[in-house]
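Trainee: Show me the folded form of this:
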Amino acid sequence: MRDFDLDVGDCLPVLGDDQARSITVAHEMLAPQERFWRQRFERFKTLQFPFLSSREAGARYKWQSSSWFVPSGLAELSPTDRAEYLISAWLIYLARVTGQSELQLGWTPAPKSSRAGLKIIDALVASVVPMEITIDLGHGFAAVRKVVAAECAQLREYDSFARDLIARCPSLGGIELLRSRRPWPIGITVVANSCSATGVSLSSEAILSGELLTFEVCALDGRFRLHFDASRLVADQIDRITQHLQSLLFEVAADAHRPVQRIGLLPFDERVYLLEELNRTATAYPSDRCIHELFEAQVAKAPDAVAVVHEDERLSYGELNARANRLAHHLIGLGVKPDQPVAICLERGVAMVVGLLAILKAGGAYLPLDPAYPCARLKQVLEDAQPQLLLADAAGRSALGADALADLTVVDLETATSAWAKLPASDPDPRALGLTSRHLAYVIYTSGSTGTPKGVMVEHRSLVNHTIWQADKFHFTTHDVFLQRTSPAFDAAVWELWTALSIGARSILLPRDLQLDVRKLLELLDKYGVTVLQLVPSLLAALLALTDVEQKYIGSLRFTFCGGELLRKELASRWLQLTSQPLVNLYGPTEATIDAAAWHYSAGFNRSVVPIGRPIANTRIYLLDGHGELVPFGAIGELYIGGAGVARGYLNRPELTAERFLADPFSGEVGA
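Mentor: Numbers count the residues shown, from 1 in each chain. As a prediction, the model looks like this:
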């Protein structure tokens, strides 16, 4: 705080009698207002503004100003009304793009005539005060403007406070930002006329009420402009903000009573970019095929190629297909039909893959249960899904317990002599089963971190779309080696297995006892020459924490995929330094068939946050506000996903399905 522009060692100025009396009078005038400001400071909050670029450490402020903009249709208003009109538009815009309705901003009060011309008083009286307002986006512009007018009147009445107020109030001492000259990132300044304001030197910071961005209004002629820190906001973004305000003001002029949440902010070209250019993902794929039919095509091409490996056991494509077919015919005989969930609870191994494939071939939808999960969680899933049939081994039966098994038909995949051993090894005919790509491939339950676990129903065509996208995007070949390490109860395990088997690649099944052994995992990568690896960022960090991670352990990797957690730039950069191979950040809820977006993290990337990327093939992504309207590019909003990957809904939860799986207003299809 530069109250007197003093340097270390300087002496305080000697005040004359008149100056001392003026200061006393000023403090006496401000004293009755202190309770008002203290209460407002106790509700201190800062506005999280979007659109920011990363600022280099130690970078200084680089203040710039936009050109003045003159909205039409304000000439008939008084100067006060003009200012309040524009301030109302600005506050509505802030509420829309930040998703916050309760706002605190920096406000530059007009100096009272009783204190005018006394420089020493200007140094003792705060030049920026907090404006506090709640914007109800359900109201029309006229109603919002009344609320803004009331706050402006209050700010004129309680115009300022003594700078030492914060230091004198113990309740405010812990709010460090309040000790800065401009605690609020966004500010508003009203000036008498644009001519005088144009001559203000930004180096003096005389009109900057915000630490990042100040909205300046000229009351006389109804102009506005923006002053901004160019080290964190780029000029192009400021131009877009001005365009958004123009759009808002234009629509307000047409209907001041329309709810402001419904007012369009986007100019035509930005709307086209968000709706069309970013979502140009249409790609041909075999939408009429089931996922196991892609596997069967690989069997026909190379039946002797190795499909799965688990410790000392390995199966060729032909052997895996024959075993799965025999079991599938048995399941058909037990009454498995399309769309019927069939539970499977086995240790990770060859039998697990045979069981999953057999369920699909029989027309059922597999419901994976991890025997490592608590019994209560497994019972909860069974009670909700109500499957009639369970494929299990000793570990699965033990995990579920006798009570859970009592009402199920259990097919034991560990028997030495199976009931299906002599059944045909031929592929069941999907057409004879009435099976199409619109039937379910699997049902996977969400973790329940945001409520009761829900069974997400995913159709074959959605999984086929993801598989074809991933194989084409990353140029996977039959020579690739995938590590299948994710629990089958998570949808990340789906692509680890089915992408590999759909393209003729090899899948290495990670033994359960190595699941959390990071060093053994490295050795396994080296042993099998794994080329495709998926890790959650926390496991990636654990790998990098090993002091002897060597290139030889990971030299075979072509692609490493991360998902399920936030991927931090520092972690990604360290991994790239070690491997020099692409790192891919994947994002997608279970409801969108594993992944909805992907980002290649490569050398030279300099943003502070690793993005989730662009939508995958045949997928649309929208960022909407709480009222279903598109937010401007870079603003805060809620992610909506549409396209081929959207699941059918939640098993046995029609009400929740109707609530979460909505008609896409931009394409007419269903999205999530």
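
Trainee: Please tell me I have it right and residue 583 contacts residue 558.
Mentor: No - counting by C-beta atoms under 8 Å, residue 583 stays clear of residue 558, with 11.4 Å between them. (C-beta placed from N, C-alpha, C; glycine too.)

Trainee: Tell me, how many residues neighbour residue 366?
Mentor: A total of 25 residues lie near residue 366 under the criterion other C-beta atoms under 10 Å.

Trainee: Is it within a helix or a strand, and which one?
Mentor: Secondary structure assigned from DSSP states H and E places residue 366 in strand 365-368.

Trainee: about what we covered before: more crowded one of residue 583 and residue 558?
Mentor: For residue 583 and residue 558, the more surrounded residue by other C-beta under 10 Å is residue 583, and the numbers stand at 24 against 18.

Trainee: Chain neighbours aside, what residue packs nearest to the more buried one?
Mentor: residue 601 (4.4 Å; C-beta to C-beta, 6 or more residues apart in numbering).

Trainee: any idea where the strands of the stretch 201-350 of the chain begin and end?
Mentor: 213-218, 223-229, 306-310, 313-316, 341-345 (DSSP state E, counting those that start in this stretch).

Trainee: Now render the ones you listed as JSON lines, adding mean pLDDT.
Mentor: Listed next are those as JSON lines, based on pLDDT from 0 to 100:
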{"stretch": "strand 213-218", "mean pLDDT": "94"}
{"stretch": "strand 223-229", "mean pLDDT": "94"}
{"stretch": "strand 306-310", "mean pLDDT": "97"}
{"stretch": "strand 313-316", "mean pLDDT": "96"}
{"stretch": "strand 341-345", "mean pLDDT": "98"}
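
Trainee: so which of these comes closest to residue 651?
Mentor: strand 341-345 (7.1 Å; C-beta to C-beta).

Trainee: burial count for the residue nearest to residue 61 when sequence neighbours are not counted?
Mentor: Closest residue to residue 61 in three dimensions, ignoring its sequence neighbours and counting by C-beta to C-beta, 6+ apart: residue 229, at 5.1 Å. For residue 229, the count of nearby residues is 21 (other C-beta under 10 Å).

Trainee: what do you get for residue 348?
Mentor: Residue 348: 23 neighbours (other C-beta under 10 Å).

Trainee: And for residue 638?
Mentor: 12.

Trainee: now swap in residue 655 and tell me
Mentor: As a burial measure, residue 655 scores 8 neighbours (other C-beta under 10 Å).

Trainee: Can you give me the distance of it to residue 647?
Mentor: Separation of residue 655 from residue 647 (C-beta to C-beta, to the nearest Å): 16 Å.

Trainee: Equivalent analysis for residue 496, please.
Mentor: 19 Å.

Trainee: which of the two has more neighbours?
Mentor: Shown here are residue 496 and residue 647; by other C-beta under 10 Å, residue 647 has more neighbours (27 against 24).

Trainee: which ones are touching the residue nearest to residue 583?
Mentor: Taking C-beta atoms under 8 Å, 6 or more residues apart in numbering, we find residue 601 in contact with 567, 572, 576, 582-585, 610.

Trainee: likewise residue 442?
Mentor: Contacts of residue 442 by C-beta under 8 Å, 6+ apart are 365-368, 458, 463, 494.

Trainee: Against which helices or strands is the helix or strand that the strand holding residue 366 is followed by packed?
Mentor: Counting by DSSP H and E, the element after strand 365-368 in chain order, helix or strand, is helix 375-385. The contact analysis (3 or more C-beta pairs under 8 Å, 6 or more residues apart in numbering; DSSP states H and E) places helix 375-385 against strand 341-345, helix 394-405, strand 440-445, strand 455-459.

Trainee: Same question for the longest one: list its buried residues.
Mentor: If you call a residue buried by 16 or more other C-beta atoms under 10 Å, then helix 394-405 has these buried ones: 395-397, 399-400, 404-405.

Trainee: ok, these vs residue 468, which is closest?
Mentor: Distances from residue 468 to those, taken by C-beta to C-beta, are shortest for residue 396, at 31.9 Å.

Trainee: where's that closest one relative to residue 104, distance?
Mentor: In this view, residue 396 and residue 104 are 56 Å apart by C-beta to C-beta.

Trainee: for residue 615, same thing?
Mentor: 36 Å.

Trainee: Among these two, which residue is more densely surrounded?
Mentor: Neighbour totals were compared for residue 615 and residue 104, and residue 615 leads with 25 against 20 (other C-beta under 10 Å).

Trainee: quick one: the closest residue to the more buried one other than its chain neighbours from residue 275, how far?
Mentor: Of all residues not flanking residue 615 in the chain, residue 621 sits nearest, at 4.5 Å (C-beta to C-beta, 6+ apart). Residue 621 sits 11 Å away from residue 275, going by C-beta to C-beta.

Trainee: do the same with residue 635
Mentor: 15 Å.

Trainee: tally of neighbours for residue 434?
Mentor: Neighbour tally, residue 434, other C-beta under 10 Å: 11.

Trainee: what stretches of the stretch 551-672 of the chain score poorly on pLDDT?
Mentor: 551, 603-608, 668-672 (pLDDT under 70).

Trainee: Helices of that one, residue ranges please.
Mentor: 551-554, 569-579, 654-660 (DSSP state H, counting those that start in this stretch).

Trainee: Can you give the distance of the shortest one from its chain's centre?
Mentor: Mean-position distance between helix 551-554 and its chain equals 33 Å (C-alpha atoms, centre = their mean, to the nearest Å).

Trainee: Which strands or helices does that helix pack on?
Mentor: Applying 3+ C-beta pairs under 8 Å, 6+ apart, one finds that helix 551-554 contacts helix 518-528, helix 569-579.

Trainee: C-terminal to the first one, what's the next element?
Mentor: What that stands for is helix 518-528. strand 532-535.

Trainee: What are the contacting residues of the strand holding residue 366?
Mentor: With contact meaning C-beta under 8 Å, 6+ apart, strand 365-368 is reached by 339-345, 355-356, 359-360, 381, 385, 387, 439-444, 455, 457, 488-489, 493.
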